[in-house]
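Enquirer: give me coordinates for this.
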Amino acid sequence: MRTSLSQSALTTRRDLMGLAALGLIASAAKPAAGAPDGELRVGVHVSLAPTWFDPAETPGIITPFMLLYAMHDAVLKAMPDDPMAPCLAESGTMSADGLSYALSLRKGVKFHNGDPLTAEDVKFSLERYRGAASKSLKDRVARVDIHDPHRLTIRLKEPWPDFLTFYAGASGAGWIVPKKYLEQVGDEGFKKAPVGAGPYKFVSFTPGVELVCEAFEEYWRKKPTIKRLVFKVIPDEATRLAALQRSEVDIAYSIRGELADELQRTPGLTINPALSSAPFWLYFPDQWDPQSPWHDRRLRQAVSLALDLKTINEALTLGHSRATGSIFPVNFEFYWQPPTPVYDPASARKLLAEAGHARGFDAGDYYCDTSYANIGEVALNNLREVGIRVRLRPLERAAFFKAYSEKKLKNIVQGASGAFGNCATRAEAFVAKGGTYAYGSYPDIDALFAEQAVQMDRARREAILHRLQQAVHDKAMYAPIFQLAFISGVGPRVGQSGFGLIKGFAYTAPYEDMTLKGKA
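Expert: Okay, here's the model as predicted:
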């Protein structure tokens, strides 16, 4: 007996074994009238990396999805009003024992080079995936059986309540690339000239300058109304805002602090403070080293007490971010709310003294993504006020997350992730043993993670994940900062900006829904 996968089931992830009627309801295609027209320019806050053009290499952060939503498409993905909407999959069923997922693909879908999208491409993309969640998928997926060009079955080794969450949200494994083309050009050739099945096709990429994409008029869901998308690399925040004010770009990502105030005051510009799914935190990768000062939990607790989160929030994001006290997004399924963070520098100094550092200590380097170095600058001042002396070491985003995942950073790491998923997927990457960004782990937390991973009863699983999150808090593995409100600016030519259409997604999407005024 099989049960079909429904949008409500995908949304709530209820007890899969007990679901009786679960139908994957395909989104209706809404073709746009007329040919795409006009150009929309987006000022991006990071240097674009070709690794983000390839879904197989998604590193457990949200940044690559800014580009994947343009150039690629997925079997299922987060869309307006549905965190796991059927896209390339038209229908599907899950077996009663939870061991297999049968998918029927949408017919007539083409890649940008004209090749038809088939079950072979879906199987190839899953098996080729090597990003942050690859171990979880490879350890649990037994095989993929192809029945015909539009039907396949993914078989698991054991029931896994988070299979769809990993496949369709927390990884790039469900984003489909053309097998034939990729085998012809190879991995590096694909990054130079990516071919996908999304609403926009790759035109050109100039490193450090811009990525240009053009509307793919045969996109199955709807024809884009905007002809050309240009992602312009403008790392400097003031320069990005100035470009928006001069109409050199139509959208400017990530405008903070005094510049956000200026954005609010500029006639004709609109501010968009979207609460993302991206908590920021300070991580202590050496906490498992008995020779490191960070092995002492009191010092890690002192860091949390030293951070003036209210001032950081108001100064950088105009108070729109949320100091939740957690590295897990408040909008994620299975979220546990920790105690409210407290700013108490006196208690921080007391903990330092109890740990043998009454005069403070040199804590070494403080690593961060250069696009969020301003958070680091404020945090450094807070830490110095209680006697923790650190040096800021900003790195370009791709280089930062590469070094972070390769376990090359020490002392203090200012991290963040806005990736899709739930609290279990976030724990898998950042807390549990073997996680992409986990430099160590604790046996009790690992046991809880393993227990929840096979628990099919939702209420019991939630209780386990709450205990796991409480343990992360009690051990002071991290010093949470806030869940980021991603502030962006929109210029006067933009009709539908795409901000806020997909819950928890900081960037603009879906791109095919975006419009310019007078062009819709």
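
Enquirer: from here on, just use CA atoms for contacts and neighbour counts.
Expert: Noted.

Enquirer: could you tell me which strands the strand or helix carrying I271 is paired with, and in which direction each runs?
Expert: Following DSSP states H and E, one finds I271 within strand 270-283. Here strand 270-283 has these sheet partners by DSSP bridges: strand 412-416 (antiparallel), strand 478-490 (antiparallel).

Enquirer: buried ones in the last one?
Expert: Spelled out, that is strand 478-490. By neighbour count on 16 or more other Cα atoms under 10 Å, the buried set for strand 478-490 is 478-490.

Enquirer: equivalent analysis for stretch 141-151, please.
Expert: V141, V144, I146, H150, R151.

Enquirer: then stretch 334-352?
Expert: Quick answer for stretch 334-352 (16+ other Cα under 10 Å): F334, Y335, W336, P341, Y343, P345, A348, R349, K350, L351, L352.

Enquirer: next, count neighbours for the closest residue to T370 other than its chain neighbours.
Expert: What sits nearest to T370 in space, not counting adjacent residues and going by Cα to Cα, 6 or more residues apart in numbering, is P394, at 4.6 Å. Using other Cα atoms under 10 Å, P394 has 20 neighbouring residues.

Enquirer: from the buried residues of stretch 141-151, which is closest to A471?
Expert: Of all the buried residues of stretch 141-151, A471 sits closest to V141, with 29.4 Å by Cα to Cα.

Enquirer: so what pairs up with the closest one in the strands?
Expert: Beta bridges link V141 to L156, judged by DSSP bridges.

Enquirer: cool, the one 4 residues further on as well?
Expert: For D145, the beta-bridge assignment (DSSP bridges) gives partners T153.

Enquirer: for the residue nearest the centre of the chain, list the residues it contacts.
Expert: The residue lying closest to the centre of the chain (Cα atoms, centre = their mean) is A419, at 1.9 Å. Counting by Cα atoms under 8 Å, 6 or more residues apart in numbering, A419 touches G60, I61, I62, G169, A170, S277, A278.

Enquirer: secondary structure and pLDDT added to these, as JSON lines?
Expert: What follows is those, written out as JSON lines (DSSP: H, G, I helix; E, B strand; the rest coil; pLDDT from 0 to 100):
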{"residue": "G60", "secondary structure": "coil", "pLDDT": "85"}
{"residue": "I61", "secondary structure": "coil", "pLDDT": "90"}
{"residue": "I62", "secondary structure": "coil", "pLDDT": "94"}
{"residue": "G169", "secondary structure": "helix", "pLDDT": "88"}
{"residue": "A170", "secondary structure": "helix", "pLDDT": "89"}
{"residue": "S277", "secondary structure": "strand", "pLDDT": "94"}
{"residue": "A278", "secondary structure": "strand", "pLDDT": "96"}
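
Enquirer: report the contact partners of L305.
Expert: P341, V342, Y343, D344, P345, S347, A348.

Enquirer: so how far is the helix or strand where it lies off the chain centroid?
Expert: Assigned by DSSP H and E, L305 belongs to helix 297-306. Its chain's average C-alpha position is 27 Å from that of helix 297-306, according to Cα atoms, centre = their mean, to the nearest Å.

Enquirer: next, the angle strand 270-283 makes with it.
Expert: Angle between the axes of helix 297-306 and strand 270-283 is 160 degrees (criterion: axes from the mean of the first three to the mean of the last three Cα atoms, to 10 degrees).

Enquirer: any idea how far whichever helix or strand comes after helix 297-306 is from the chain center?
Expert: Where DSSP H and E defines the elements, the next helix or strand beyond helix 297-306 is helix 309-317. In terms of Cα atoms, centre = their mean, the centre of helix 309-317 is found 22 Å from the chain centre.

Enquirer: which secondary structure elements does helix 309-317 contact?
Expert: Applying 3 or more Cα pairs under 8 Å, 6 or more residues apart in numbering; DSSP states H and E, one finds that helix 309-317 contacts helix 257-265, helix 373-385, strand 478-490.

Enquirer: enumerate the positions of stretch 264-284 that are buried.
Expert: Neighbour-count burial for stretch 264-284 [16+ other Cα under 10 Å]: 269-284.

Enquirer: would TSV of the buried residues of stretch 334-352 with secondary structure be doable?
Expert: Listed next are the buried residues of stretch 334-352 as TSV, based on DSSP: H, G, I helix; E, B strand; the rest coil:
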residue	secondary structure
F334	coil
Y335	coil
W336	coil
P341	coil
Y343	coil
P345	helix
A348	helix
R349	helix
K350	helix
L351	helix
L352	helix
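
Enquirer: where along the stretch 401-520 of the chain do the helices fall?
Expert: 423-430, 443-453, 458-474 (DSSP state H, counting those that start in this stretch).

Enquirer: any idea which of these gets closest to L156?
Expert: Among the helices of the stretch 401-520 of the chain, helix 443-453 sits nearest to L156 (Cα to Cα), with 13.4 Å.

Enquirer: can I get that closest one as PDB, trimmed to CA atoms?
Expert: Extracted as PDB, the C-alpha positions of helix 443-453 are listed here (Å, rounded to 0.1, in the frame of the first residue of the first chain):
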ATOM      1  CA  PRO A 443      28.300  12.200  23.200                       C
ATOM      2  CA  ASP A 444      24.900  13.000  24.800                       C
ATOM      3  CA  ILE A 445      24.100  15.400  21.900                       C
ATOM      4  CA  ASP A 446      25.200  12.800  19.400                       C
ATOM      5  CA  ALA A 447      23.000  10.200  21.000                       C
ATOM      6  CA  LEU A 448      20.000  12.500  20.900                       C
ATOM      7  CA  PHE A 449      20.600  13.300  17.300                       C
ATOM      8  CA  ALA A 450      20.800   9.600  16.300                       C
ATOM      9  CA  GLU A 451      17.600   8.900  18.300                       C
ATOM     10  CA  GLN A 452      15.500  11.600  16.600                       C
ATOM     11  CA  ALA A 453      16.800  10.700  13.200                       C
END
